[in-house]
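> Sharing a sequence plus its predicted fold:
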Amino acid sequence: METLFFLIITLVAIVSAILVITFKNPINSALSLIMTFFCLATYYVMLDAPFMAAVQVMVYAGAIMVLMVFTIMLLNIRVDASKKHSHKIFLGSIIGFITFFNLAYILFKSRAAAPTGPYSVDMIKQIGHTELIGKEMFTNFLLPFEITSILLLVAIVGAVILAKKKI
Amino acid sequence: MENLNGYLIVSAILFSIGTIGVLTRKNAIVIFMCIELMLNAVNLTFVALSRYLGNLDGQIFVFFIMTVAAAEAAVGLALIIAFFNNKETIDVDDINLMKW
């Protein structure tokens, strides 16, 4: 049953990912991308990571995609069917397939180490995923977490400067 | 955790589709969306391996990747808008100010 569900979600994820790169209109691409993000959130739930699924839906499918759709609306680009692709579509596809075979080869050939970490499924279900993530983030990863705030500040300043009329 | 290979293959497929999109599309916003797709494929690998190894470090990394992606979206879209104000287009073929 779980395998069947996994296959259905995989089908939807891959089809909507292909639609992202084949639709002519950017707004359709954006909606397909939101569908792919929801499929990834489903994967995270299946992987016992409900907090990641919630963040995926809120940050990616919510914030980032709303920003993109808003930009598309703001720019009001006319769709020109004759200029959809650049002329390098064949070469690009070949490079994409080489990337895929390379990744698949590496992922199948490499052996992941045996499960060694302290967090078992029972522990995650008993204590709660969000609590464990929070504990980890505010103890072992406290410095990266604080540096993230500087990154966001830089992004805010950069976006405001770039969006001015005269740069 | 018997289905690890399935998740890794899905992530490889999504990453390759993102690569093809970046290399073949001309609309800057669609290229941007394909980059987000590639970032998400990597996120899936992180979460699957983190779950398999019983180690939460990978999921913390996903959290940071999402932060970087949000910052990237804000700055990148501001760049696209600034470019559109100057040249009235967002085709990457027309973005050649720094080529020679």
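All right, it came through fine.
> need the longest helix for chain B.
helix B:57-87 (DSSP state H).
> and A:Ile27, helix, strand or coil?
Here A:Ile27 is recorded as helix under DSSP: H, G, I helix; E, B strand; the rest coil.
> Neighbours of it, how many?
By other Cβ atoms under 10 Å in any protein chain shown, 15 other residues sit near A:Ile27. The C-beta positions use only the backbone N, C-alpha and C, and glycine is treated the same way.
> Just give me the neighbour total for the residue nearest to it when sequence neighbours are not counted.
Distances taken as Cβ to Cβ, 6 or more residues apart in numbering or on different chains place A:Ile72 nearest to A:Ile27, at 5.5 Å, with adjacent residues excluded. A total of 21 residues lie near A:Ile72 under the criterion other Cβ under 10 Å.
> So which residues of chain A form helices?
Here chain A has its helices, by DSSP H, at A:2-22, A:26-46, A:50-55, A:65-75, A:89-109, A:121-127, A:129-137, A:142-162.
> Contacts for the lowest-mean-pLDDT helix or strand in chain A, please.
Every helix and strand of chain A was ranked by mean pLDDT, DSSP states H and E. The lowest is helix A:121-127, at a mean of 79. Contact partners of helix A:121-127, identified using Cβ atoms under 8 Å, 6 or more residues apart in numbering or on different chains, comprise A:48, A:132.
> try stretch A:104-116
Here stretch A:104-116 makes contact (Cβ under 8 Å, 6+ apart) with B:1, B:4-5, B:8-9, B:12, B:49, B:52-55.
> According to the record, where do the domains of chain A fall?
Listed by automatic domain parsing, the domain ranges of chain A are A:1-78, A:120-167.
> Any regions of chain A where pLDDT drops low?
A:77-87, A:112, A:166-167 (pLDDT under 70).
> and the spatially most central residue of it, what does it touch?
By Cα atoms, centre = their mean, the mean C-alpha position of chain A lies nearest to A:Phe37, the distance being 6.1 Å. Shown in contact with A:Phe37 (Cβ under 8 Å, 6+ apart): A:56-57, A:60-61, A:65, B:40.
> try B:Phe32
Residues in contact with B:Phe32 (Cβ under 8 Å, 6+ apart) are A:68, B:73, B:76-77, B:80.
> how does it look with 7 Å?
Residues in contact with B:Phe32 (Cβ atoms under 7 Å, 6 or more residues apart in numbering or on different chains) are B:Gly76.
> Distance of it relative to B:Leu97?
According to Cβ to Cβ, to the nearest Å, B:Phe32 stands 19 Å off from B:Leu97.
> and what of B:Phe46?
With the distance defined as Cβ to Cβ, B:Phe46 ends up 36 Å from B:Leu97.
> right, and B:Phe15 touches B:Asn40 too?
No. Counting by Cβ atoms under 7 Å, B:Phe15 stays clear of B:Asn40, with 9.0 Å between them.
> Have a look at these two and say which one is more surrounded.
The residue with more neighbours, out of B:Phe15 and B:Asn40, is B:Asn40; 26 against 22, by other Cβ under 10 Å.
> Kindly state the pLDDT recorded for that one?
For B:Asn40, the model assigns a pLDDT of 94.
> How about the contacts made by it?
By Cβ under 7 Å, 6+ apart, B:Asn40 lies in contact with A:37, A:40, B:14.
> mind running it again at 8 Å?
Neighbouring residues of B:Asn40 by Cβ under 8 Å, 6+ apart: A:36-37, A:40, A:60, B:14.
> Could you do B:Ala73 as well?
For B:Ala73, the contact set (Cβ under 8 Å, 6+ apart) comprises A:64, A:67-68, B:32, B:36.
> cool, B:Val42 as well?
Counting by Cβ under 8 Å, 6+ apart, B:Val42 makes contact with B:11, B:15, B:65.
> try it again with 10 Å
Contact partners of B:Val42, counting by Cβ atoms under 10 Å, 6 or more residues apart in numbering or on different chains, are B:11, B:14-15, B:18, B:61-62, B:65.
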